[in-house]
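Visitor: coords below, sequence missing:
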């Protein structure tokens, strides 16, 4: 299929810092906001302008649509890292919807990913129903909890040996610490060596760092300024949690809520020390963590997991843009030798049969072949399985993967899996 063209009367234009107000105006049309443009314009923009594209319409002021992407040069995939395009700020003005503009923007994005040598694209979906038709598959989930204050936690040797700091969180005081601990936690989650946390993207650009640390009162939602808990052992940071509190006074007494951002620890003892602090803050009744891994250590530490009201939400959606580069660029949890028949309506170069070979946790190869497919699937399902968090067998049970050679589905499902659940700890 040829890349979709914009409808008549519309044109792409590269955007720059001088377009910030127009970008913010469009964004508030696509995602309604109570905040004034003047206030939004004062905040640091996370955008990489060289990767930001607008759509203009003849005879209309402002932008009709736009999209951008973040350049993740070291995006974690199972057993390795690849350059990945983080698709973001996708929006179409209500006046210009239902005209094929989104389709044209996605095709432009995918084409530029291939030109830049980015074999994978990833995103957070504002609406889950939108991106599957463009080949994005739901590749990761995150865990949401409501942990009661004082929830019983299982003991971990060494937890009591940590010292604790509870401070106002600032980039100047904590930026380097947060970045270093976050990277280390993704490379060896919980101190488990030999496997990484797929999807654990870091904030690689100066713009993303500045945006992350901005703590504008207009976005606090009635909560306090950002705070941080740091746990240290032998003088070295071993974990951190970013959080805010809010407090309501009721006839029965104070009801405070702790809402966390990232809760990151380098080992089980540090995690136990962190959660011991978060679940015992004065005047609070509940802790609401945001976007934990589906297999986060706290789910094992809680003596009564039911009391935490656990639920899963979709996290990363992944689109394989270059099949051989993407499949050869990750590792596999079991030996695999399988021919995949891949369908891809938007990137014809991906369509066809590909032989994937790898030894468990070793290097992989993926080459085009004329051999018949052992498994057939759309690129959407390939993206869903890519980070190791969605089973090929489970999708086959739903009719989304077809086994042509008996016995190959189970083996491929085991190989595509990964010992740790994929997740991204922040929304891009």
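Guide: It's in. Predicted model only: the values in this text are computed from it and were never measured.

Visitor: so residue 3 sits against residue 105, correct?
Guide: No. Shown here, residue 3 and residue 105 do not form a contact pair, counting by CB atoms under 8 Å, at 10.5 Å. Glycine gets a C-beta too; all of them are placed from N, C-alpha and C.

Visitor: those two: which is more packed in?
Guide: The residue with more neighbours, out of residue 3 and residue 105, is residue 105; 24 against 13, by other CB atoms under 10 Å.

Visitor: which helix or strand contains the more buried one?
Guide: For residue 105, the host element (DSSP states H and E) is helix 101-116.

Visitor: next SSE downstream of that helix?
Guide: Scanning onward from helix 101-116 (DSSP H and E), the first element met is strand 120-123.

Visitor: so which elements touch the helix or strand just after that next one?
Guide: Following strand 120-123 in sequence order, the next helix or strand is strand 137-138 (DSSP H and E). Here strand 137-138 is seen to pack against strand 317-320, helix 379-386 when contacts are counted using 3 or more CB pairs under 8 Å, 6 or more residues apart in numbering; DSSP states H and E.

Visitor: what pairs with the strand ranked longest in the chain, and is each one parallel or antiparallel?
Guide: Of all the segments assigned as strand in the chain under DSSP state E, the longest by residue count is strand 236-250. According to DSSP bridges, strand 236-250 forms sheet pairs with strand 227-233 (antiparallel), strand 253-265 (antiparallel).

Visitor: so which of the helices and strands packed on strand 137-138 is nearest residue 118?
Guide: strand 317-320 (10.4 Å; CB to CB).

Visitor: tell me what that closest one is packed against?
Guide: Packing partners of strand 317-320 (3+ CB pairs under 8 Å, 6+ apart): strand 120-123, strand 137-138, helix 379-386.

Visitor: re earlier: output the helices and strands packed on strand 137-138 in TSV, with mean neighbour count, distance to residue 245 and mean pLDDT appended to each entry.
Guide: Formatted as TSV, the helices and strands packed on strand 137-138 follow (neighbours: other CB atoms under 10 Å; distance: least, CB to CB, whole Å; pLDDT from 0 to 100):
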stretch	mean neighbour count	distance to residue 245	mean pLDDT
strand 317-320	28	32	98
helix 379-386	26	37	98
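
Visitor: relative to residue 7, which of those is closest?
Guide: strand 317-320 (23.5 Å).

Visitor: so what are the sheet partners of the closest one and their directions?
Guide: Going by DSSP bridges, the partners of strand 317-320 are strand 120-123 (antiparallel), strand 137-138 (antiparallel).

Visitor: tabulate the helices and strands packed on strand 137-138 (TSV), appending distance to residue 183.
Guide: Output for these, formatted as TSV (distance: least, CB to CB, whole Å):
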stretch	distance to residue 183
strand 317-320	21
helix 379-386	22
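
Visitor: nearest to residue 279, out of these?
Guide: strand 317-320 (32.0 Å).

Visitor: after that closest one, next one along is what?
Guide: Following strand 317-320 toward the C-terminus (DSSP H and E): helix 323-328.

Visitor: so what's the gap between that following helix and the chain middle?
Guide: Distance, stretch centre to chain centre, for helix 323-328: 20 Å (CA atoms, centre = their mean, to the nearest Å).

Visitor: what is the mean pLDDT for it?
Guide: Mean pLDDT, helix 323-328: 98.

Visitor: how about residues contacting the helix or strand that that helix is followed by?
Guide: Per DSSP H and E, the first helix or strand lying C-terminal to helix 323-328 is strand 336-343. Around strand 336-343, the neighbours that count as contacts under CB atoms under 8 Å, 6 or more residues apart in numbering are 323, 327, 350-358, 364, 369, 371-379, 382, 404-405, 408, 411-412, 415-416.

Visitor: again, only using 6 Å
Guide: 323, 350-351, 353-358, 371, 373-376, 378-379, 408, 412, 415 (CB atoms under 6 Å, 6 or more residues apart in numbering).

Visitor: can you flag the buried ones in these?
Guide: Neighbour-count burial (16 or more other CB atoms under 10 Å) applied to those gives 323, 350-351, 353-358, 373-376, 378-379, 408, 412, 415.

Visitor: in stretch 148-156, which residues are buried?
Guide: 148, 149, 151, 153, 156.

Visitor: let me redo that: stretch 305-323
Guide: Neighbour count says stretch 305-323 has 308, 310, 315, 316, 317, 318, 319, 320, 321, 322, 323 buried, by 16+ other CB under 10 Å.

Visitor: same check, this time on stretch 114-132
Guide: If you call a residue buried by 16+ other CB under 10 Å, then stretch 114-132 has these buried ones: 114, 118, 119, 120, 121, 122, 123, 124, 125, 131, 132.

Visitor: of the residues you listed, closest to residue 284?
Guide: For the buried residues of stretch 114-132, the closest approach to residue 284 (CB to CB) belongs to residue 124, at 28.5 Å.

Visitor: count the neighbours of the residue lying closest to the closest one once chain neighbours are set aside for me.
Guide: In space, and not counting its chain neighbours, residue 124 is closest to residue 427: 5.2 Å by CB to CB, 6 or more residues apart in numbering. Number of residues near residue 427 (other CB under 10 Å) recorded here: 10.

Visitor: ditto for residue 397
Guide: Neighbour tally, residue 397, other CB under 10 Å: 11.

Visitor: then residue 4?
Guide: Neighbours around residue 4, by other CB under 10 Å: 16.

Visitor: ok, so what distance separates it from residue 10?
Guide: Per CB to CB, to the nearest Å, residue 4 is found 12 Å from residue 10.

Visitor: using CSV, lay out the buried residues of stretch 114-132 together with pLDDT and distance to residue 91.
Guide: Shown next, in CSV, are the buried residues of stretch 114-132 (pLDDT from 0 to 100; distance: CB to CB, whole Å):
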residue, pLDDT, distance to residue 91
114, 98, 23
118, 98, 22
119, 98, 26
120, 99, 22
121, 98, 17
122, 98, 18
123, 98, 13
124, 98, 14
125, 97, 13
131, 97, 14
132, 97, 19
